[in-house]
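J.: next one to model:
(one chain, ligands or ions: 2)
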Amino acid sequence: MRVDAKDMGTDLKSVLITKEEIDAKLAELAAKVDAEYAGKDLLIVGVLKGAVMVMADLARALSTPVTMDWMAVSSYGAGTQSSGVVRILKDLDTDIKGKHVLIVEDIIDSGLTLSWLLSNLGSREPASLEVCTLLRKPEAAKVAIDVKWIGFDIPNEFVVGYGLDFAEKYRNLPFVGTLAPHVYGG
Ligand SMILES: O=P(O)(O)OC[C@H]1O[C@H](OP(=O)(O)OP(=O)(O)O)[C@H](O)[C@@H]1O
Ligand SMILES: [Mg+2]
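T.: Ligands and ions are numbered 1, 2, ... in the order given. As a prediction, the model looks like this:
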């Protein structure tokens with residue numbers, strides 16, 4: 001069954017990026033990642049929980065053999081604003097020293113989560129450390145981050161779907177949509 005904005009009642013304001021657009025973009029990104037890491041061992045690190053969908057779909061679009069690990073950090077809690085305080089809820093299972101590591105994210109909003117992650121993982125001495133994110137909000141950046149692969153730059157609005165939640169809901173929507181302000185008290 002296809003879920004679309006109508007099925008969400010009035011919770012969604014609009015569909016920003018369709019499933020088809022996400023699929024096409026991930027194929028493009030996967031080709032670039034394949035080219036970069038040809039002949040190398042690559043560990044992709046998904047940032048739970050938001051990046052679950054991107055990890056699953058990007059990993060399957062890659063030709064490069066990869067290993068996968070996960071980190072859980074949280075800075076948003078149940079709200080729509082980053083608290084700026086990043087907590088590790090689950091650390092990597094593997095030692096990344098000397099490995100080529102690619103962090104996979106669903107979204108870079110303020111950039112605070114990723115900035116913290118890059119310095120945390122960077123201090124573990126990986127052979128290389130890069131970032132691939134499906135979404136980025138350029139207008140929301142509070143810190144500058146060097147991001148190698150970006151799927152879509154989006155407006156500074158709270159989005160849900162394809163892994164992204166509001167109060168843990170809407171992660172399973174197959175597209176990215178904007179939330180109606182009344183849902184989060186706007
Ligand atoms: O650039 P920032 O402003 O730091 O925001 C981006 C981060 O916020 C979200 O995670 P969240 O803390 O909501 O956890 P979740 O993935 O479990 O929803 C998202 O998945 C990113 O990891
Ligand atoms: Mg969240």
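
J.: CA atoms for contacts and neighbours, from now on please.
T.: OK.

J.: pull the longest helix from the chain.
T.: helix 19-37 (DSSP state H).

J.: what's in contact with it?
T.: For helix 19-37, contacts defined as C-alpha atoms under 8 Å, 6 or more residues apart in numbering pick out 57-59, 61-64, 134, 149, 151, 174-176.

J.: quick one: which of these is nearest Ile103?
T.: Nearest to Ile103 among the contacts of helix 19-37, counting by C-alpha to C-alpha, is Trp149 at 10.3 Å.

J.: circling back: the helix or strand just after the longest helix of the chain near ligand 1 at all?
T.: Using DSSP states H and E, the helix or strand that follows helix 19-37 in sequence is strand 42-48. Yes - shown here: strand 42-48 in contact with ligand 1 (C-alpha under 6 Å from any ligand atom) through Leu48.

J.: tell me the mean pLDDT for strand 42-48?
T.: Averaging pLDDT along strand 42-48 gives 97.

J.: again with stretch 97-116
T.: 96.

J.: could you do stretch 178-186 as well?
T.: 81.

J.: one more: stretch 54-72?
T.: pLDDT averaged over stretch 54-72 gives 97.

J.: once you drop chain neighbours, what's closest to the residue positioned nearest the centre of the chain?
T.: The chain has Asp106 as the residue nearest its centroid, 1.5 Å off, counting by C-alpha atoms, centre = their mean. Spatially, and ignoring its direct neighbours in sequence, Asp106 is nearest to Ala51 (4.7 Å; C-alpha to C-alpha, 6 or more residues apart in numbering).

J.: quick check: residues of the chain near ligand 1?
T.: So the chain meets ligand 1 at 48-50, 74-76, 82, 106-113, 164-165 (C-alpha under 6 Å from any ligand atom).
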